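> from the sequence below, what's the structure:
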Amino acid sequence: MEGTYSFNDAVFLKKISNEYKVGDVVYFEYPIRDTLGSQTFFIQRIFGLPGDSISISDKVVFINRKAAIEPIDIKFNYFVKSKKLILDSSFLARYGLKEGGKISDSFDYSYALTKAQSDTLRKDSLISYVQVKLEKKNAYDETCFPGDQHFKWNMDQYGVVYVPRKNDTLHLDTINIKLYSNLIIESEKNNLQVKHDSIFINGTLTRSYVFKKNYFFLLGDNRDNANDSRIWGFLPENNLIGKVVHTIRKAE
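Residues are numbered from 1 along each chain as shown. Just a heads-up that it's a prediction; the model follows:
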């Protein structure tokens, strides 16, 4: 969430239940624990509520096929090229270029920028071009959830995924089970086996599953550098601790 929050900012949380909405910034327990079982806590923004369908096309997030309203200070990674000039510390400070750096000896750089930063940077006479980094459609990224060749997704071209809602009955097959198997096993404590074209839950052959919990889909505001639902999947409701209701900025 670099850009939205800075190190040493203080945030105030409100513990709520069943009142979360799209756009809320929430504090939550990371759903995957390390080998030592340690807890990790993140702050990210809700984009998918239980029952929503989420997709991303050319970095634009769609909720139930409608483009989402993004925060004004969202960041993406941009390629920046200077006119045969090394960008010195005073230049970087002038434009707030804090995250990124040189990527070649041909005056090529990459920085995480807001749209306002990128627009301002383009007007500088020392800059040749500023171009957002964009992954192509159907370019498979194995680090993207669920990390399976059947889902040729990447961080900029993602979904459609359905966010499970409590008491939803979801049809299962050997393809979409890859999206929900971890929820069924880890979050909802079932035994799951897939044998050839058959799915067994708790030893019973089944073609559907009724979810016991609500889940959410979260994204970071520093979008291209975030460890969010595009990497680890859906967040169980019980992992939510509260939403941010007030922020005290650190002294500059």
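
> in this protein, which spans are helices?
Here the chain has its helices, by DSSP state H, at 89-95, 115-122, 177-182, 229-232.

> now those in JSON lines, with mean pLDDT?
Below are the helices of the chain laid out as JSON lines (pLDDT from 0 to 100):
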{"stretch": "helix 89-95", "mean pLDDT": "94"}
{"stretch": "helix 115-122", "mean pLDDT": "96"}
{"stretch": "helix 177-182", "mean pLDDT": "97"}
{"stretch": "helix 229-232", "mean pLDDT": "98"}
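
> among these, which comes closest to residue 30?
Closest to residue 30 of the helices of the chain is helix 229-232 (CB to CB; 7.7 Å). The C-beta positions use only the backbone N, C-alpha and C, and glycine is treated the same way.

> picking that back up, out of the helices of the chain, which is closest to residue 25?
helix 229-232 (14.4 Å).

> what comes up buried for the closest one?
229, 230 (16 or more other CB atoms under 10 Å).

> packing partners of that helix?
Applying 3 or more CB pairs under 8 Å, 6 or more residues apart in numbering; DSSP states H and E, one finds that helix 229-232 contacts strand 215-219.

> and the strand it packs on, how far out from the chain middle?
How far strand 215-219 lies from its chain's middle: 8 Å, per CA atoms, centre = their mean, to the nearest Å.

> for residue 211, find the nearest of the helices of the chain.
Across these, closest to residue 211 is helix 177-182 (CB to CB), at 8.4 Å.

> okay, now the unreliable bits of the stretch 1-150 of the chain?
Low-confidence segments of the stretch 1-150 of the chain, defined by pLDDT under 70: 1-14, 16-18, 35-37.
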